[in-house]
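J.: sequence plus predicted model, see below.
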Amino acid sequence: MAKKVKKKDKVWAYLLKNKTATPAEVAKATGVSYPYVYKLMKSIGTPKEVFEAEVRKEVASEKTPRFRSEVLFTAEELIDGQREEEHGCAHCNFNSISGLWSSYLGYYIDPDSVPVMLLLLKVARQAQNPSHIDNYVDMCGYAALAAEASKGQHED
């Protein structure tokens, strides 16, 4: 009789082969629920986080620090982690925002335009306070979400 493989073991086996996989990718590939995978990956750190830490260490050891990489890494961490955890699916939110804006303005706003409009909000804020790094981080995040939306890559 074959021994049943535990969910946790499935997840870690997959992550060892796919170090930069997202929780959604791991859940889909292993048949384990997204919340379980996300919680497990956050509990002790994921291979992806280890990989990114190694890249950051390499960047930090260069003679010229790569500040731009830190901005991009921070944006990625926020849109794939903290923001998603706090606010839920970005594209689901864009659908809701689109509906509210469309109702308020009296004409249709496409949900895929929402991240671009939010990026422009950050551009306006940056013009008022160019040294506030969070605006640049958010612009990167919104740009990535807009690119994802333009290719139909999002999962609602």
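T.: Thanks, I have it.

J.: from here on, contacts and neighbour counts on C-alpha atoms
T.: Will do.

J.: if you count neighbours, what's buried in the helix ranked longest in the chain?
T.: Using DSSP state H, we find that the single longest helix of the chain is helix 133-150. Neighbour-count burial for helix 133-150, counted by 16 or more other C-alpha atoms under 10 Å, picks out 135-147, 149.

J.: before we move on, what about stretch 84-99?
T.: By neighbour count with 16+ other C-alpha under 10 Å, stretch 84-99 contains the buried residues 89-91, 94-95, 97-99.

J.: now, these that are in helices?
T.: With helices defined by DSSP H, the entries of the buried residues of stretch 84-99 inside them are 90-91, 94-95, 97-99.

J.: just the CA coordinates for the helix or strand hosting Leu16, please, in PDB.
T.: Using DSSP states H and E, Leu16 falls within helix 7-17. Taking C-alpha atoms only, helix 7-17 is exported to PDB below (Å, rounded to 0.1, in the frame of the first residue of the first chain):
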ATOM      1  CA  LYS A   7      -0.100  18.400   1.600                       C
ATOM      2  CA  LYS A   8       2.900  20.200   3.200                       C
ATOM      3  CA  ASP A   9       5.300  17.700   1.500                       C
ATOM      4  CA  LYS A  10       3.700  18.200  -1.900                       C
ATOM      5  CA  VAL A  11       4.000  22.000  -1.600                       C
ATOM      6  CA  TRP A  12       7.700  21.900  -0.500                       C
ATOM      7  CA  ALA A  13       8.600  19.400  -3.200                       C
ATOM      8  CA  TYR A  14       7.100  21.600  -5.800                       C
ATOM      9  CA  LEU A  15       8.800  24.700  -4.400                       C
ATOM     10  CA  LEU A  16      12.200  23.000  -4.400                       C
ATOM     11  CA  LYS A  17      11.900  22.500  -8.200                       C
END
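
J.: what's next to the helix or strand where Leu121 lies, contact-wise?
T.: Here Leu121, judged by DSSP H and E, is contained in helix 114-128. Contact with helix 114-128 is made by 94, 97-98, 132, 135-136, 138-139, 142-143, 145-146, as judged by C-alpha atoms under 8 Å, 6 or more residues apart in numbering.

J.: so it versus helix 133-150, what angle?
T.: Angle of helix 114-128 versus helix 133-150, following axes from the mean of the first three to the mean of the last three C-alpha atoms, to 10 degrees, is 160 degrees.

J.: mind listing what's buried in stretch 20-31?
T.: Under the neighbour-count criterion of 16+ other C-alpha under 10 Å, stretch 20-31 has 20-23, 25-27, 30 buried.
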